[in-house]
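A.B. asks: Quick one, fold the following:
(chains A and B)
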Amino acid sequence: KNQVEQSPQSLIILEGKNCTLQCNYTVSPFSNLRWYKQDTGRGPVSLTIMTFSENTKSNGRYTATLDADTKQSSLHITASQLSDSASYICVVNSNDYKLSFGAGTTVTVRA
Amino acid sequence: EAGVTQSPTHLIKTRGQQATLRCSPISGHTSVYWYQQALGLGLQFLLWYDEGEERNRGNFPPRFSGRQFPNYSSELNVNALELEDSALYLCASSLQWTYGYTFGSGTRLTVV
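C.D. replies: So this is what the prediction gives:
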């Protein structure tokens, strides 16, 4: 069973609307959590990095939250743009030198 | 500053052949990671190299191997290619394993 579960698997939103992606993990011990944006056929690009003590971190229209107690994270996209269409991957770093990847959420923004 | 560079961009091989993929990390980064992303699947950890040593490997057979050179660039070798090895192979580098990772654009390997 994957230690990082993302939901929904995919979603379609209209341009200008907001959306929230979820990431639940069981990885332990926890070091940090990252959200990446991956355009089709390209490498992932880091959006945010959050450590245990951080609850919220923003990067432009992207806002990530982390609840280390419940082992949940979310990525909120505000005022979506067509260029936000991509896969968003949650990555959890444990202290044993391995990264655990979620399967990703595919976001499609339509005009 | 140049990012992580991977070559070739695309690679087509026949079953049973060997494939060699290359990665140049960001200048100053000593850690290089390799991942496989098969169509419709998430990223799967392959190998981690740091300071020229293999530090960890994922659940892949021994025909997946690699090395890191003194300049911290890295090679991923896949022997006895199988059709299911067709995937996007991504390389990432970091200054230290706890720091942010920067990914390359990947090598698309197609096995026919």
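A.B. asks: ok, now which ones touch A:Cys23?
C.D. replies: A:Cys23 is in contact with A:4-6, A:33, A:35, A:72-75, A:90, A:102, counting by Cβ atoms under 8 Å, 6 or more residues apart in numbering or on different chains. In short, each C-beta sits where N, CA and C put it, glycine included.
A.B. asks: wait, B:Arg63
C.D. replies: B:Arg63 makes contacts with B:78-80, as judged by Cβ under 8 Å, 6+ apart.
A.B. asks: Using a markdown table, lay out those residues together with neighbour count and pLDDT.
C.D. replies: Output for those, formatted as a markdown table (neighbours: other Cβ atoms under 10 Å in any protein chain shown; pLDDT from 0 to 100):
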| residue | neighbour count | pLDDT |
| --- | --- | --- |
| B:Val78 | 26 | 98 |
| B:Asn79 | 15 | 97 |
| B:Ala80 | 11 | 97 |
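A.B. asks: Nearest to B:Leu88, out of the contacts of A:Cys23: which one, please.
C.D. replies: The closest of these to B:Leu88 turns out to be A:Gly102 (Cβ to Cβ; 16.7 Å).
A.B. asks: Check what pLDDT that closest one gets.
C.D. replies: Looking at A:Gly102, its pLDDT is 89.
A.B. asks: quick one, phi/psi of the residue in chain B that chain A sits nearest to?
C.D. replies: Chain B approaches chain A most closely through B:Phe103 (3.4 Å), counting by Cβ to the nearest Cβ. In terms of degrees, to the nearest 10, the main-chain angles of B:Phe103 are phi -100, psi 150.
A.B. asks: Count the residues that sit near it.
C.D. replies: The local packing of B:Phe103 (other Cβ atoms under 10 Å in any protein chain shown) involves 22 other residues.
A.B. asks: Okay, the residue nearest to it when sequence neighbours are not counted and B:Cys91: tell me how far apart.
C.D. replies: Computed as Cβ to Cβ, 6 or more residues apart in numbering or on different chains, the closest residue to B:Phe103 that is not its neighbour in sequence is A:Gly43, at 3.4 Å. Going from A:Gly43 to B:Cys91 by Cβ to Cβ, to the nearest Å gives 8 Å.
A.B. asks: rewinding a little: just give me the closest of the contacts of A:Cys23 to A:Thr20.
C.D. replies: Closest approach between the contacts of A:Cys23 and A:Thr20, by Cβ to Cβ: A:Ser74, at 5.4 Å.
A.B. asks: Can you name the residues that contact that closest one?
C.D. replies: With contact taken as Cβ under 8 Å, 6+ apart, A:Ser74 is in contact with A:20-23, A:64-65.
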